[in-house]
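> sequence and predicted structure, then a few things I'm wondering about:
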Amino acid sequence: MTPTSNPDQASEVPSQEEILAASSPWVAVVLNLVPGLGTGYIYQRRWRAYWISSGMATAWFVAGGVLSQNVDEVLMPDLVQQNQLIGLGGLLLLAVVTATEAGLAARRAQPSSRQANP
């Protein structure tokens, strides 16, 4: 008997909730914090959340590029530095928010937290 010939084993695909419950909250947090682009969502296989966070990061980059088009680096170095700090702050904020959300989602999905919070 081959492993794929058992119909019960072949049809058992883990659900989204089971995948999320099996993921470690701290790994999801670290993966969302360090690169800051939602890679913790890939780890959790939460594709909608990943694409939303990637879209927000891309929009933030595009907005920064558009707003800095008419800034001369030689004549306005203070404005350039201010724009860079605002851009970095926005990406850090996005990383913190996505990391927090990914960690909380993984923690809520784990069976031990379900028993403690009926």
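Happy to help now that I have it.
> how about A22, nearest residue that isn't a chain neighbour?
In space, and not counting its chain neighbours, A22 is closest to P14: 7.5 Å by C-beta to C-beta, 6 or more residues apart in numbering. Quick note: C-beta positions are derived from backbone N, CA and C, even for glycine.
> burial of the one you found, as a residue count?
Look at P14: counted by other C-beta atoms under 10 Å, it has 11 neighbours.
> just use 23 as the starting number from now, easier for me
Got it, first residue is 23 now, which makes that one P36.
> in which helix or strand would I find it?
Of the helices and strands defined by DSSP states H and E, none includes P36.
> now do I108
Counting by DSSP H and E, I108 is found in helix 99-131.
> how about that helix: buried residues?
Judged by neighbour count (16 or more other C-beta atoms under 10 Å), helix 99-131 contains these buried residues: 109, 112-113, 116-117, 120-121, 123-125, 127-129, 131.
> same for that helix, what does it pack against?
For helix 99-131, the contact count by 3 or more C-beta pairs under 8 Å, 6 or more residues apart in numbering; DSSP states H and E identifies helix 38-44, helix 47-55, helix 61-66, helix 69-89 as packing neighbours.
> how far off helix 47-55 does that helix point, in degrees?
Between helix 99-131 and helix 47-55, the angle comes out at 160 degrees (axes from the mean of the first three to the mean of the last three C-alpha atoms, to 10 degrees).
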